[in-house]
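**Student:** Provided below for reference: sequence and predicted model.
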Amino acid sequence: MILSTIVSLAVGLAIAVALIATNDPAAILRMLLDSGWWMLAVLALNGLQIVASGLGWGPLIDDPRRPGVAGLAFLRWVRVSTNALLPIVQAMGELIRAQLLVRMGVAKVKVIASLAIDLGTEMASQIVFSLMGLAALLLIPHAAGTSATFWAVAGTALGAGVTGVFIAAQRWGLFKAVEGMLPKLAARVGWTSLGELSGLNDTVQHLYAQPGRLWRSGGWHMVSWLVGVVETWAAMRAVGIEAGLAEALVIESLGQAVRSAGFFIPGALGVQEGGYVLICALFGIPPDKAIALVLIRRIRDIILGVPGVIAWRLSVAGARPAEARGAT
């Protein structure tokens with residue numbers, strides 16, 4: 001797994017560097033330096049998106065020790081930061097936030113159950129969001145004769161199928177098998193706190209029997225996606241792209257789909273850059289501005305992500321002495 005991650009990271013980095021080098025890097029740098037106050041708007045809107053996504057997990061944590069708004073936002077911040085910056089597969093951020101929630105005192109079974117269903121509601125809301133983007137694409141002027149529209153439709157259909165299978169598997173007893181597999185995985189990676197998950201399937205089914213929790217979770221995730229549209233619009237203005245919210249909706253929805261497809265590459269490096277070049281071409285946006293748009297997001301990830309990773313490590317380091325005292 002380590003070797004495949006290194007290889008995928010190297011390939012992604014090579015693609016990203018090649019795209020920048022062949023599309024007027026000096027002009028890209030000027031656009032980034034001229035982003036000005038729009039960069040602050042991007043950072044603020046991304047912070048709101050993190051809070052909304054964190055609140056999407058909250059309704060699914062059926063435990064009296066569930067963290068409040070600040071705690072949920074912290075967990076999401078750590079998840080986003082580790083996925084964006086650490087040289088690991090993006091899915092590792094899910095395990096990291098699960099570990100942190102266990103350290104907060106929430107029952108292990110409830111952590112894993114809520115995490116799995118949160119992924120499902122987030123995926124389902126993303127499909128709805130992607131459909132909104134496709135509808136906007138079909139309604140507003142864009143370049144004809146490209147394959148991007150076909151791939152957008154095909155990708156959305158595939159994503160809907162995967163989401164449906166994932167949710168159906170949860171309802172039909174997937175976690176009966178997971179109950180036996182997770183303790184071995186936890187022991188292998190050294191996170192023994194995720195072991196002993198008997199009753200996981202029953203906990204998942206209990207949550208699915210409460211549709212109000214699912215709707216609240218999906219609603220908050222949808223709010224997060226829509227805030228992301230405004231953030232993309234602000235990022236476009238930061239690099240001098242004159243476009244409206246409809247174009248931002250298309251670019252954000254399809255861009256997120258591309259990022260999800262590149263989950264096996266740390267930070268979707270290279271995949272996101274190439275995807276944005278193709279998507280922005282639908283609206284006549286030149287490659288250098290498309291790449292600058294991605295790099296604005298990369299800079300945002302660094303500005304918000306570095307403190308997030310540090311906060312994660314400090315929270316883990318602070319929890320160890322308390323655990324040691326509790327064991328004595």
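**Tutor:** Yes, it's here.

**Student:** ok, longest helix in the chain?
**Tutor:** helix 287-327 (DSSP state H).

**Student:** roughly how far out does it sit from the chain middle?
**Tutor:** Computed by C-alpha atoms, centre = their mean, to the nearest Å, the chain-centroid distance of helix 287-327 equals 13 Å.

**Student:** what packs against it?
**Tutor:** helix 2-21, helix 25-33, helix 38-57, helix 69-85, helix 92-103, helix 211-238, helix 271-281 (3 or more C-beta pairs under 8 Å, 6 or more residues apart in numbering; DSSP states H and E). Bear in mind the C-beta positions are built from the backbone N, C-alpha and C, glycine included.

**Student:** redo the ones you listed as a markdown table? Include distance to residue 131 and mean pLDDT.
**Tutor:** Converted to a markdown table, the helices and strands packed on helix 287-327 look like this (distance: least, C-beta to C-beta, whole Å; pLDDT from 0 to 100):
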| stretch | distance to residue 131 | mean pLDDT |
| --- | --- | --- |
| helix 2-21 | 28 | 73 |
| helix 25-33 | 31 | 89 |
| helix 38-57 | 19 | 96 |
| helix 69-85 | 24 | 93 |
| helix 92-103 | 25 | 90 |
| helix 211-238 | 11 | 96 |
| helix 271-281 | 16 | 85 |
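
**Student:** switch those helices over to CSV; also include mean neighbour count.
**Tutor:** Listed next are these as CSV, based on neighbours: other C-beta atoms under 10 Å:
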stretch, mean neighbour count
helix 2-21, 15
helix 25-33, 15
helix 38-57, 20
helix 69-85, 21
helix 92-103, 20
helix 211-238, 21
helix 271-281, 22
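
**Student:** figure out which of the ones you listed is closest to residue 150.
**Tutor:** helix 271-281 (11.7 Å; C-beta to C-beta).

**Student:** can you give the contact residues for the closest one?
**Tutor:** 12, 15-16, 19-20, 143, 146, 148, 241, 250-251, 254-255, 258-259, 261-262, 265, 286-287, 289-291, 293-294, 297 (C-beta atoms under 8 Å, 6 or more residues apart in numbering).

**Student:** separation between the nearest residue to residue 153 once chain neighbours are set aside and residue 79?
**Tutor:** Leaving aside its chain neighbours, residue 153 sits nearest to residue 134 (6.5 Å; criterion: C-beta to C-beta, 6 or more residues apart in numbering). Taking C-beta to C-beta, to the nearest Å as the measure, residue 134 falls 27 Å from residue 79.
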